[in-house]
Structure formats: structure tokens, C-alpha cells
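S.K.: one predicted model, sequence on top.
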Amino acid sequence: MTYYLAIDIGASSGRHILGWLENETIRTEEVYRFENGFREESGALVWDTEALLSEVVAGIGQCKKLGKIPKSIAIDTWGVDYVLLDKENKMIAPAYCYRDERGANAIPEVEEILSPRELYSITGIQKMPYNSIYQLYADKRAGRLENAECFLMIPEYLSYRLTGAKGNEYTNASTTGLLNAKEYGYDASLIEKLGLPERLFGPLMQAGDSLGKLLPEIQEQVGFSAEVRFCASHDTGSAVVASPLEEHDVFISSGTWSLIGTELKTPILTEEAWEKNYSHEGGVEKRFRFLKNYMGMWLFQNIRKNLNKSMTYDEMMTAAEECGVYYRIDVNAPEFVAPDNMIDAIRIHLGMPELPLAQVINSVYHSLAMSYADAVKAIEQITGFPVHAIRIVGGGSKDVYLNRLTAQYTGRPVTAGPVEATALGNLLCQILADKPAYTLQTGRDMIKKSFEIKEIRG
């Protein structure tokens, strides 16, 4: 049996999932799971990359204990965040979290150099305060780039620590806001105008490309050797790979973030696309994920955290559905990025300090679904094609109330699943690299055959 190992790391947890083929269907087994999260350090929000690496290696080692040795391994994580290395390949600490405010603070200076419209005409990327372009400019102001010789995004850094090989992968690089959307690579003139060191940004690799074998010291720890490849290393890129898309469908990758969009083969860098703030993030086969980011399960996660987890997600959903009252909130409001208390932040946002908890939760539900409906309309207007169906994938696809509201507000057929779309897309990238006769459509057909995909009624 040929096994492939997907290491899928999100902002709150990570998982190692083994995959293999049986009669043209995909079978999976979760072999390891761990918690993740940013922490505050000297007033900044940062990631513990050494802890992440330790968990990555521990999960790989679990395969040996099970007697199921993967032929290849690939890592996906969230986008935009990165590690800087010096000449001795030591990390220039810390590795900042995208929720830190430094990126937002750098925006005014970046926009003195390049207007938002000019920037969009090059990159086609949605303006978000955490985009790597703003983080890197903050690093420049702080002098952190002076000794930097290498720029690696989080999955690239973890892969480097496993193999000793450095590389930048296209789908994740597209989240930096530094790529030329028409040329599929870093834009040299943009990097020069910003005064960023050109040495940090080299040629890009693609999903499926190999970084080589595990280092001898890693082999010793895990008990075997395996090849490490790039998947679509931006987690949404992998999730879209495993989405059961047909032509003119919309995907919603529903997790900590809700990313809603469609696939394009050429960019649409129009005034309307810019005004509506749509991104052209990289996909497999150099496709574009034409999408918009909305805060998703992050809102519910923080509400539950504020309740000290005294309610389950199902109990929160039931309370919201039964209360029947809701108000529209801007789910992308800055005050929801990293609040001390999400419940209070929503109440203050609405100007209703005494709003009952159930109505707070129900407002989130309806506001998310209404945002999805707005996005569908915008996609139709910008692309000129009618949206046929909506495919919700990822952990949030288990939320039956949100799925039903999505169908109601959009008026489109909605399906939910697969739940582990990101890990499955990661696996598919490895399978397609191992079996050149297979195509992306082959992979998506196998997903439909292998996993439950539910039809949602509004």
C-alpha cells in the first residue's frame, strides 16, 4: 500500500492525516492531532515555530508506530505569515502572527509609495491589514530585513527544517501581495519601489514539486525516510483542490476564516473587482482563486472562549436558531480581529450593550450568510457568469444552521463537505505528483466518490 501524509496546520490546531487509494477511492486515517495558537510576547502576537516543528516531527513519527510509512509528506498552513533567516540560517525572531497590529500600522507608508488601486493592478490581491507586504514593510522600518538572507512562509520553513532545502511555493506566495498576477511570480519593480531586499524573493515552486528527503537527523527521530513535497501550501489552496467544483460554481472554505470565491484561469483586474476588494490568490495549475475573505468560525470560537466553553457549538447554534432575533454586523470589522471579549465587541459594534447572548450569536449567523449572498452577487457581476451552485467545504461545513441560512440568502443549491477538505487537497497534490496520468478533475471525481457530500435545503 502506498501512503501519503498530509500535515494540515491551522491557526488553532494541526493534524496529520494518512491517505491512500483503494479502487480509485481515497481512504484516510488521522494519526496525530495537536493544539496551536499564537501567544503574546513583549507586546506582540507571535507563533512558537519550535513547538510547531516538534509537533510536526512527533506526528510523522506516529506513522512508524502504526507501521504505515508514507511515500511522501506535505505541509499546509494559513497564509501571509513567514520566517526570516540570516546568513547562518538562524531565525530572526520572532515569527509574527498576522493578527498583530504591526501590518495595519504600516499601511499608510506603503500607500504613500503605491496607491491601493496601483497595487491592485499589479497583484490583484484583496487589501487586508495582515498581508505580508505590510508586515514586510513593518520589518523594514524596524531594521529586521538588514540581516535577512531568506524569506520562508510558515509551511516552507517547516519543510526546510525537515529537509534542509529552501523553496517558495506559488499558492502561499500569492498571499504576500507581492506577486504579479499576470506573470505568476514576484514583481521586481514592486519590491524595488518598497525598498525590500531583492535577495529574499526567488523563483517559485509549484504544488507537487519535491524538496527532497528527510534530513538524517529527522529520519533518526521518526524511524524512516520519505520525500517531502509542496502541496498547495496555503490551506485554502488545498481546500479548493478538494472542493467538488463544477464550472461556474462558488466555493466556501469554511473554517477560522470563510473564504468565498470561484476559480479563474485569467485574472480580472478591473475597477469593479478592485472596488469590491476581491483577491486573485494562486491555485494549482496556475489557476486563480478569485475570492474574498470574511471572518468565519473565528467569531464563534471567540464567543465560546468568552463563555469559558460552558456551551458547546451545538448548544450555541440551537440558542441562536430558537431566539429568532438578529441584527446585521460587519463580520470583517477591525474590532473583531483580536478582541479581549468578542461578545462585548459585537454588542458595542451594534450599540446594544445589553443584547442577549442568543441574539449576539444569531446576529453572527445571519450576518455571515448575508455576506456570502453579497459575495455571490458580486462574483456574478464581476465575472459575468451565473453562479450555479455553492460548495461549502472544511470544518464549518458541519454547521447545519449556517448552511441552511446560506441556501436561504443566496437562493442557490448548496452542498456541504468534505469536512477535511484542506487535508484532502494536500493529499491530492501528492497523489497527482506521484501519478502523472491523473488530472485535477480526476482528483475531484475521486473526492465525490469517496466522501459524503450533503445537499442543503434552505
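M.R.: Great, that's in hand. Residues are numbered from 1 along each chain as shown.
S.K.: chain center to stretch 362-371, what's the gap?
M.R.: Chain-centre distance of stretch 362-371: 21 Å, with CA atoms, centre = their mean, to the nearest Å.
S.K.: enumerate every residue touching the residue lying farthest from the centre of the chain.
M.R.: The centre of the chain is farthest from one residue, E354, which by CA atoms, centre = their mean lies 34.6 Å away. Counting by CB atoms under 8 Å, 6 or more residues apart in numbering, E354 touches R347. Placement of C-beta: from N, CA and C, glycine included.
S.K.: check which residues of the lengthiest helix in the chain are buried.
M.R.: The single longest helix within the chain, with elements called by DSSP state H, is helix 357-383. Neighbour-count burial for helix 357-383 flags 357-376, 378-379, 382-383 (criterion: 16 or more other CB atoms under 10 Å).
S.K.: ok, now stretch 59-75?
M.R.: Neighbour-count burial for stretch 59-75, counted by 16+ other CB under 10 Å, picks out G59, I60, G61, Q62, C63, I69, P70, K71, S72, I73, A74, I75.
S.K.: straight-line length of that stretch, end to end?
M.R.: One end of stretch 59-75 to the other measures 12 Å (CA to CA, to the nearest Å).
S.K.: now it: average pLDDT?
M.R.: The average pLDDT within stretch 59-75 is 98.
S.K.: quick one: contacts of it?
M.R.: Contacts for stretch 59-75 (CB under 8 Å, 6+ apart): 1-7, 9, 14-16, 18, 29, 31-32, 34, 56, 155, 158-159, 162, 210, 214, 218, 221-224, 226-231, 233, 426, 429-430, 433-434.
S.K.: kindly recompute the last result at 6 Å.
M.R.: Contact with stretch 59-75 is made by 2-5, 7, 16, 18, 31-32, 155, 158-159, 222-224, 226-229, 231, 426, 430, as judged by CB atoms under 6 Å, 6 or more residues apart in numbering.
S.K.: so which elements touch whichever strand or helix holds Y294?
M.R.: In the assignment (DSSP states H and E), Y294 maps to strand 288-295. With contacts taken as 3 or more CB pairs under 6 Å, 6 or more residues apart in numbering; DSSP states H and E, strand 288-295 sits against strand 257-264, strand 279-282.
S.K.: most packed of these?
M.R.: Highest mean neighbour count of these: strand 279-282, a mean of 26 (counted as mean count of other CB atoms under 10 Å).
S.K.: still on that earlier bit, pull out the buried members of the contacts of stretch 59-75.
M.R.: Buried by 16+ other CB under 10 Å: 3-5, 7, 16, 18, 31-32, 155, 158-159, 222, 226-229, 231, 426, 430, out of the contacts of stretch 59-75.
S.K.: just the ones of those residues in helices?
M.R.: Judged by DSSP H, these include P155, L158, S159, V222, N426, Q430 as members of helices.
S.K.: okay if I get those as JSON lines plus distance to G324?
M.R.: JSON lines is the format used below for those (distance: CB to CB, whole Å):
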{"residue": "P155", "distance to G324": "43"}
{"residue": "L158", "distance to G324": "46"}
{"residue": "S159", "distance to G324": "49"}
{"residue": "V222", "distance to G324": "53"}
{"residue": "N426", "distance to G324": "40"}
{"residue": "Q430", "distance to G324": "47"}
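S.K.: mind putting those into JSON lines with pLDDT?
M.R.: Shown next, in JSON lines, are these (pLDDT from 0 to 100):
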{"residue": "P155", "pLDDT": "98"}
{"residue": "L158", "pLDDT": "98"}
{"residue": "S159", "pLDDT": "98"}
{"residue": "V222", "pLDDT": "98"}
{"residue": "N426", "pLDDT": "98"}
{"residue": "Q430", "pLDDT": "98"}
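S.K.: measure the residue farthest from the centre of the chain to G143 for me?
M.R.: As judged by CB to CB, to the nearest Å, E354 and G143 stand 48 Å apart.
S.K.: D8 - how many residues pack around it?
M.R.: Residues near D8, counting by other CB atoms under 10 Å, number 27.
S.K.: ok, now K305?
M.R.: A total of 12 residues lie near K305 under the criterion other CB under 10 Å.
S.K.: quick check, pLDDT for R457.
M.R.: On pLDDT, R457 comes in at 83.
S.K.: inside helices: which ones of the buried residues of stretch 59-75?
M.R.: Of the buried residues of stretch 59-75, the ones assigned to helices by DSSP H are G59, I60, G61, Q62, C63.
S.K.: state the distance from the third one to P70.
M.R.: G61 is 12 Å from P70, where distance means CB to CB.
S.K.: over to the first one?
M.R.: Remark: distance between G59 and P70 (CB to CB) = 11 Å.
S.K.: over to the second one?
M.R.: I60 sits 8 Å away from P70, taking CB to CB as the criterion.
S.K.: then the fourth one?
M.R.: As defined by CB to CB, Q62 lies at a distance of 11 Å from P70.
S.K.: same question, the last one
M.R.: Here the distance between C63 and P70 works out to 6 Å (CB to CB).
S.K.: between the two ends of stretch 221-237, how far is it?
M.R.: End-to-end span of stretch 221-237 (CA to CA): 30 Å.
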